[in-house]
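Engineer: predicted model, plus sequence, below.
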Amino acid sequence: MNPIDPVEFGRVLARLDEQDKTIDEMRQDIKSLLAMANRGKGALFILMSVSSVIGAVMGALGHHFFGK
């Protein structure tokens, strides 16, 4: 069995630390993207609700004025 080289082991540990930092940054970016997606989903819901109400009011007014 080969003995463990302390210098190479230190390099591996340093790379792992760098990867941990990178993963933490990616986690923060993903959380930001999720928050933006949720805001967009809420905005879409509001726009659809408002357009539905406006369509219903216009339909009722059209039926009142132009309906038989």
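Structural biologist: Sure, I can see it. Owing to the predicted nature of the structure, the values given are computational and were not obtained by experimental measurement.
Engineer: pull the number of nearby residues for residue 5.
Structural biologist: Neighbour count of residue 5, defined by other CB atoms under 10 Å: 10. The way it works is simple: take the backbone N, C-alpha and C, and place the C-beta from them, glycine included.
Engineer: now the one 3 residues further on
Structural biologist: Residue crowding around residue 8 was assessed by other CB under 10 Å; the count is 9.
Engineer: kindly report the same for residue 58.
Structural biologist: Here the count is done by other CB under 10 Å, and residue 58 has 10 residues near it.
Engineer: mind checking the pLDDT average for whichever strand or helix holds residue 17?
Structural biologist: Using DSSP states H and E, residue 17 sits within helix 6-66. Average pLDDT, helix 6-66: 94.
Engineer: what helices or strands is that helix leaning on?
Structural biologist: Under the contact definition 3 or more CB pairs under 8 Å, 6 or more residues apart in numbering; DSSP states H and E, helix 6-66 sits against no other helix or strand.
Engineer: now that helix: how far from the chain's centre is it?
Structural biologist: 2 Å (CA atoms, centre = their mean, to the nearest Å).
Engineer: if I look at residue 56, how far off is residue 2?
Structural biologist: In this view, residue 56 and residue 2 are 77 Å apart by CB to CB, to the nearest Å.
Engineer: which one's more surrounded, the two?
Structural biologist: More crowded of residue 56 and residue 2, by other CB under 10 Å: residue 56, with 10 against 4.
Engineer: contact partners for that one?
Structural biologist: Contacts for residue 56 (CB atoms under 8 Å, 6 or more residues apart in numbering) come out as none.
Engineer: for residue 50, see how far away it is.
Structural biologist: Residue 56 is 11 Å from residue 50, by CB to CB.
Engineer: repeat for residue 21
Structural biologist: 44 Å.
Engineer: which stretch of helix or strand covers residue 3?
Structural biologist: Using DSSP H and E, residue 3 falls outside every helix and strand.
Engineer: spell out for me which residue occupies the centre of this protein.
Structural biologist: Residue closest to the average C-alpha location in the chain (CA atoms, centre = their mean): residue 34, at 2.1 Å.
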